[in-house]
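Participant: generate coordinates for the sequence data below:
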Amino acid sequence: SASPFDDPALQKGTSAEDVKGSNIDNKWDKAQYEQSLHFYNQLNNCDDAYVAPQIKEALQCLSSAYHLYGPECIVGSFNGGKDAVVIMHLMRAAHAKYYHDQIAKQQISNGPYPNIVRPRAIYFESNDEYPEIQHLVRTTVSDYNLEMLSFDSKFSFWDALKILVDGHQPRQMAFVLGTRTADPNSKTQGLFAPSSEYMPPFMRLNPALYWSYGQVWHFLRLFHLPYCSLYDEGYTSLGTIHDTLPCPALARPQGGYWPAYMLSDWDQERAGRIPKKKKKKDNDDDVKRKLMTPAAATASGDDASKESESTTSAATTETNVKVEGDTNQNHQVNGDNGDKLSEGDESSYRTDDDATALQKTAGLIIIGDEILKGLTPDTNTQSAAVAFRLKNVLLSRVVVVADEMNEIVEEINRMRKEVAVIVTSGGVGPTHDDVTMYSVGTALASELVIHEEMANFLLQKMGAQGNGDAELSDAQIKMATLPRNSKLLYLAGKDQWPIVRCRNIYVLPGVPQFFQQQVELIASHLATDLEKVVSCKLVLSVEETKIVNALNQVVRDHPHATLGSYPFVEHPEFKTVVTIEAKEGPTFPGEGRCSVIKRRNSMLENLSTEDMAFPASPSEEGVTRGNSLNSSFDSCTQMGLFTREERDMHVKLAMDDLIRTLPEGSVLRLENNDGLC
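Facilitator: Numbers count the residues shown, from 1 in each chain. Okay, here's the model as predicted:
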């Protein structure tokens, strides 16, 4: 088929001399220069906290590159993918800023318009490109008056780069790429990364290296930059027509797909890419290829194109150099990036065969008169809530009590009937009002003794009392006095302060920094393999008062999802955050908020004591050995629990209905973190 670059008016060539001559009559349109300079000022003055730091870092990277290499020797890799779009617009802004500063230095004000060369981009043709990508690249090059250097698909990647590099000798070249740390080819690259030894010598510039998927999309939508229409059809990573499908995570329940910016699980960015099968190559073909290019140059796109958005990229009509070749080599720069692997957490609850272990419930008792009297803020509750949520441990109850033993004992006994794990905060020091250990011992009917292991640890860590005798001080004696059934957990290492566990009660210090460190360790220790809570978070530009009716309707229509709405009245970037979270199971008449969790936890009675770090109930006898864990899951339906697929569908249905009723353009982005802002 005809190349989208075929144009009788284009200069064509196959050598470095053609590249050297490509800057002749290559003046950048004045209107585009001024518009790009205005865009630079917009970027530089951006106060959107979500992307402003990344923008400033990228502009600084490009500014340094223009100072070092000059505009004629900087080329952007523009293949039409989302990341390439980001770096191309950043590059044209930096390009305009560079010339603006040069004009200011020369004190040119009323003289003739200077000869400002156009921003340069490189493209490698492919017959397997999506027409939508070709259209985007073509219109972008035309609209912003860019200079596109295209190479015929018969050219090898290495040969094309060599032509460019040789054409600029003795000056060094720099290629601006859309590589991000999430890409498999990022490896140990930095903002500036020299080319590999087997490639022609040039510098790789990665101004968007530390951008997240969400920041890429927020940037494009915040500044209303054009991008490939395929992204609005559910594509999240673009390769060729043979290896790219819409992302399954964006599938809408009623059919079709949400746009790419709606993806909340960024690990699914490449879920629509079809892995390529490795082909057995003929020996003669191998020899021929090795003669054409260095052995290591397998056209993987490591050095001058972005692997994640296939650099077999798109087309344009505005081209100054048309390079053709006769070598019959299909230029597949990119290849498949592979899937990311999710890291699993070790859990003391699961069996080796358990792929979906049950979630645990936890309760938190904050102990301290200073909290109740308002003398110091309680930050430990938030630390615990965040740590447990990240590790899928449900924090279902939090109570603040005074430094009174009877109150602490009463609350421990009450909470033991409702949760599987209790964490206490505070009251473990050597002073008279530190009564937590005595309270725990009383609640568990376990006498207090000097714990030999703790005493030895204190001697080693804090030193002994007296002159040479290994004796504990009075304060150390109190700190070593623990309930008889206490165990020390060295979750941070043998030389770090241990966590005291008494059956299913974890006793932690109240000092915020120490509490946070230890509660995070506990959360990891208790973590289950159950999938993360199925949820999504919409960041909206519209005020909460304007979506009340829509929210209420979604709540009525979707009883299996929980919606939360949080207004940010004076926030400069957004006004409302809406969370949608799947329920574990249906709520039956007369049941409360935690009833589903309690119903689910009754299944724990079928778990073996060998699979438990502690009993699921407060009974010292532990849990009766019963059916296997897999058998327990066979009864999920009878217990009234939803499967992962059902919960996912409930969230998607609720989100779909909500988005359809929201004012147009009010969805700024989907977040995938656990905070509200």
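Participant: run through the residues that contact the residue nearest to the spatial centre of the chain.
Facilitator: By CA atoms, centre = their mean, the chain has its centre lying nearest to Trp266, at 5.5 Å. Shown in contact with Trp266 (CB atoms under 8 Å, 6 or more residues apart in numbering): Ala182, Ser212, Tyr213, Gly214, Asn672. C-betas here are computed from N, CA, C, even on glycine.
Participant: my read: the fourth one touches Val539, true?
Facilitator: No: counting by CB atoms under 8 Å, Val539 is not a contact partner of Gly214; they are 9.7 Å apart.
Participant: which neighbours do the two have in common?
Facilitator: Going by CB under 8 Å, 6+ apart, residues that sit against Gly214 and also against Val539 are Arg669, Leu670, Glu671.
Participant: quick one: low-confidence residue ranges for this structure.
Facilitator: Low-confidence segments of the chain (pLDDT under 70): 1-25, 107-114, 276-359, 463-470, 528-534, 585-640, 672-677.
Participant: returning to that earlier point: from the contacts of Trp266, which ones fall inside helices?
Facilitator: In helices, defined here by DSSP state H, the members of these are Tyr213, Gly214.
Participant: if we take the contacts of Trp266, which one ends up nearest to Met203?
Facilitator: Ala182 (21.9 Å; CB to CB).
Participant: the residue lying closest to Asp243 once chain neighbours are set aside: neighbour count?
Facilitator: Leaving out its chain neighbours, the residue that sits closest to Asp243 by CB to CB, 6 or more residues apart in numbering is Ile274, at 4.5 Å. Residues lying near Ile274 (other CB atoms under 10 Å) number 12.
Participant: distance check, Ile274 against Thr240.
Facilitator: To Thr240, Ile274 is 10 Å away according to CB to CB, to the nearest Å.
Participant: quick one: list the elements packing against the helix or strand containing Ala193.
Facilitator: Element membership for Ala193 (DSSP states H and E) is strand 192-194. In terms of contacts (3 or more CB pairs under 8 Å, 6 or more residues apart in numbering; DSSP states H and E), strand 192-194 is packed against helix 52-69, strand 203-205.
Participant: how about those, which one is nearest Thr381?
Facilitator: Comparing the helices and strands packed on strand 192-194 by their distance to Thr381 (CB to CB), the top pick is helix 52-69, with 29.3 Å.
Participant: what sits up against whatever helix or strand comes next after the closest one?
Facilitator: Once the chain leaves helix 52-69, the next helix or strand it forms, by DSSP H and E, is strand 74-77. Here strand 74-77 makes contact (CB under 8 Å, 6+ apart) with 65-66, 84, 87-88, 91, 95, 119-122, 149, 164, 173-178, 205, 304-306, 311.
Participant: hang on, the residue nearest to Asp243 packs against Ile241?
Facilitator: No: applying CB under 8 Å, one finds Ile274 not in contact with Ile241, separated by 10.8 Å.
Participant: and the closest residue in space to Thr481 that isn't next to it in sequence, how far from Val440?
Facilitator: Leaving out its chain neighbours, the residue that sits closest to Thr481 by CB to CB, 6+ apart is Leu448, at 5.2 Å. The gap separating Leu448 from Val440 is 9 Å, by CB to CB.
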